[in-house]
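# Give me coordinates for this.
(one chain, ligands or ions: 3)
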Amino acid sequence: MANVTVVGAQWGDEGKGKIVDWLASRADVVVRFQGGHNAGHTLVVGEKVYKLSLLPSGIVTGTLSIIGNGVVLDPWALKAEIEKLESQGVVINTENFSIAENCPLILPMHRDLDALRETAAGAGKIGTTGRGIGPAYEDKVGRRAIRVCDLAHLDSLDAQLDRLCAHHDALRAGFGQPAVDREALIAELKEIAPFVLQFAEPVWKRLNTVKKAGARVLFEGAQGVLLDVDHGTYPFVTSSNTVSGTAASGSGMGPSSAGFVLGIVKAYTTRVGSGPFPTELEDEVGQRLGERGHEFGTVTGRKRRCGWFDAVLVRQSCAISGVTGIALTKLDVLDGFEKVKICTGYRLRGKVLDYYPSHAADQAAVEPIYEEMDGWQGTTAGARSWADLPAQAIKYIQRVQELIETPVALVSTSPEREDTILVRDPFID
Ligand code: GDP
Ligand code: IMO
Ligand code: MG
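Ligands and ions are numbered 1, 2, ... in the order given. Reported below is the predicted structural model:
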């Protein structure tokens, strides 16, 4: 099947949005299947810059864009994002956008709890985006969530609210906070409900219909495999499964729908928030990567931590997520470095490892083993064909694909949509 599933293969911010936007014109549908508005995807089209958190990146090209059931949805953030994009000339209506009616909602109490926990954790905090993502997923799994479909039945929500508020009020009391104001919550939900409900539908059914018609589906992952709640650097992770397999459960399509799994891989490494990061550079090289790559978070504006490319981590992500091919992004950020380094293994208490262990203490203790290569003179910035790349940059790409045991399908050389080199078309392969 000619579907493509895009996942981040590092700690997020690999450039998924740019690649999804570039691929969207070849797709019939773009589907978000996990995460929420903790994501921040930046798209650059000519003079225009679009920042998307909750909406699928296909919306900018007008491609049918769907929020699947695996996403946690903040109705107020949704409205604000739609209004912002509309002010930039993007057309969003019930023809080109829909939301799964079984999507759990992020409510103000989730944001409160996220903030209360982070503040209480002090130096041990996760460094979340503060959007209430974790608490909303907890309520989903705890069978207490209010979902999009409940917005059509707000007058008969008492029993559900009893369950939800009993849980939250106990937690809030522990933090010295007042109980949830149920009347205010219902009033806020009543106000926002019609806006959300106009887009709500059984998404699984729509996808089943388009599948039968032979449509090409592009699944857009958020975050990255190293932030996956099972496979990531636990507990410094997000609260959803970010791996490609979630495309099926988070949309209501079967597991064979994933198609070509395109791992998005930054040519170096970044991380925002707390947690281990073996190749982190806290020196002027890291500073230079951050400045050249404009590494500031789209959602929170936080400075992203930067380091050399870690082939061990990416090889592991590609294996876990079944990556068919990668899009290597931000190669241009490495332009002009005299030497570039790649991490090819770890040393842990005298032993050499070819994988990243699960225990937090081991993750923090590993020391990277580096391979050094000459950098390239000349520029890759804006290159649109293989022939435009300096020979040494091609060597770097080849070494990366060898070490991660996964072929390169695309190379991105600037934020601009068209500055992309196609090596192997994921929709055809
Ligand atoms: P996402 O979360 O994976 O969608 O990535 P973000 O949008 O948060 O971060 C990637 C940033 O890098 C954005 O500002 C993009 O505009 C930018 N970007 C994407 N691809 C490239 C590239 O190839 N070169 C450069 N210089 N910037 C890029
Ligand atoms: P995109 O889609 C980078 C990180 C947060 C924090 C951890 C948990 O733009 O790649 P959460 O708010 O999800 O509970 O925070 O996950 N995080 C991201 N880091 N890119 C993202 O999304 C992220 N979404 C969450 O910084 O460390
Ligand atoms: Mg991002």
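
# C-alpha from now on. contacts and neighbour counts both.
Fine.

# State which strand of this protein is the longest.
Across the chain, the longest stretch assigned as strand under DSSP state E is strand 339-348.

# helices or strands next to that strand in the packing?
strand 309-310, helix 311-320, strand 351-353, strand 367-374 (3 or more Cα pairs under 8 Å, 6 or more residues apart in numbering; DSSP states H and E).

# need the ones you listed in TSV with distance to ligand 2, mean pLDDT and mean neighbour count, can you?
TSV is the format used below for these (distance: least, Cα to the nearest ligand atom, whole Å; pLDDT from 0 to 100; neighbours: other Cα atoms under 10 Å):
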stretch	distance to ligand 2	mean pLDDT	mean neighbour count
strand 309-310	16	98	26
helix 311-320	14	98	22
strand 351-353	25	98	13
strand 367-374	21	98	16
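
# Residue 425 is nearest to which of those?
Nearest of the helices and strands packed on strand 339-348 to residue 425, taken as Cα to Cα: helix 311-320 at 18.1 Å.

# list the buried ones in the longest strand of the chain?
340-346, 348 (16 or more other Cα atoms under 10 Å).

# The stretch 201-350 of the chain against ligand 1: which residues are in contact?
The interface of the stretch 201-350 of the chain toward ligand 1, taken as Cα under 6 Å from any ligand atom, is made up of 293, 298, 329-333.

# Check whether stretch 134-151 comes near ligand 2.
Yes. Using Cα under 6 Å from any ligand atom, stretch 134-151 reaches ligand 2 at residue 134.

# how long is that stretch from one end to the other?
Stretch 134-151 has an end-to-end distance of 21 Å (Cα to Cα, to the nearest Å).

# quick one: contacts of that stretch?
For stretch 134-151, the external contacting residues (Cα atoms under 8 Å, 6 or more residues apart in numbering) are 72, 100-107, 110-111, 113-114, 157, 160, 163-164, 189-190, 193, 196-197, 200, 238-240.

# Would you map the strands across the stretch 201-350 of the chain?
217-220, 260-266, 269-271, 305-307, 309-310, 325-329, 339-348 (DSSP state E, counting those that start in this stretch).

# any idea of the mean pLDDT for the last one?
Right, the one you point to is strand 339-348. The average pLDDT for strand 339-348 rounds to 98.

# picking up where we left off before, reformat the helices and strands packed on strand 339-348 as JSON lines; add distance to residue 152.
Listed next are the helices and strands packed on strand 339-348 as JSON lines, based on distance: least, Cα to Cα, whole Å:
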{"stretch": "strand 309-310", "distance to residue 152": "48"}
{"stretch": "helix 311-320", "distance to residue 152": "39"}
{"stretch": "strand 351-353", "distance to residue 152": "54"}
{"stretch": "strand 367-374", "distance to residue 152": "54"}
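
# Stretch 342-350: how far from the chain's middle?
From the chain centre to the centre of stretch 342-350 is a distance of 27 Å (Cα atoms, centre = their mean, to the nearest Å).

# where in the stretch 301-429 of the chain is pLDDT low?
Residues of the stretch 301-429 of the chain that meet the criterion pLDDT under 70 lie in 429.

# ok so, going back, adding distance to residue 427, write the strands of the stretch 201-350 of the chain out as TSV.
Formatted as TSV, the strands of the stretch 201-350 of the chain follow (distance: least, Cα to Cα, whole Å):
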stretch	distance to residue 427
strand 217-220	9
strand 260-266	7
strand 269-271	27
strand 305-307	32
strand 309-310	27
strand 325-329	12
strand 339-348	30
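
# Please work out which residue of the stretch 251-400 of the chain is closest to ligand 2.
Across the stretch 251-400 of the chain, the shortest distance to ligand 2 (Cα to the nearest ligand atom) belongs to residue 273, at 3.7 Å.

# picking that back up, note down every partner strand of the longest strand of the chain and its orientation.
Paired strands of strand 339-348, with direction, are strand 309-310 (parallel), strand 351-353 (antiparallel), strand 367-374 (antiparallel) (DSSP bridges).

# Tell me which of those strands sits nearest to residue 24.
Nearest to residue 24, of all the strands paired with strand 339-348, is strand 309-310, at 27.7 Å by Cα to Cα.

# Could you tell me which ranges of the stretch 101-250 of the chain sit under the pLDDT cut-off?
Of all residues in the stretch 101-250 of the chain, none has pLDDT under 70.

# residues in contact with the residue in it positioned nearest to ligand 3?
Here the stretch 101-250 of the chain gets closest to ligand 3 at one residue, residue 223, 7.0 Å apart by Cα to the ion. Shown in contact with residue 223 (Cα under 8 Å, 6+ apart): 7-8, 11-13, 35, 39, 238, 242.

# do the same with residue 58
By Cα under 8 Å, 6+ apart, the contact set of residue 58 is 20-21, 24-25, 29-30, 64-65.

# change it to 7 Å
20-21, 24, 30, 65 (Cα atoms under 7 Å, 6 or more residues apart in numbering).

# Switch these over to CSV; also include pLDDT.
CSV is the format used below for these (pLDDT from 0 to 100):
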residue, pLDDT
20, 97
21, 96
24, 96
30, 98
65, 98
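
# tell me the pLDDT at residue 297?
Residue 297 is assigned 82 on the pLDDT scale.

# can you check residue 1 too?
53.

# where along the stretch 101-250 of the chain do the helices fall?
108-121, 133-141, 158-174, 182-197, 203-212, 246-249 (DSSP state H, counting those that start in this stretch).

# relative to helix 182-197, how tilted is the third one?
Between helix 158-174 and helix 182-197, the angle formed by their directions is 120 degrees, by axes from the mean of the first three to the mean of the last three Cα atoms, to 10 degrees.
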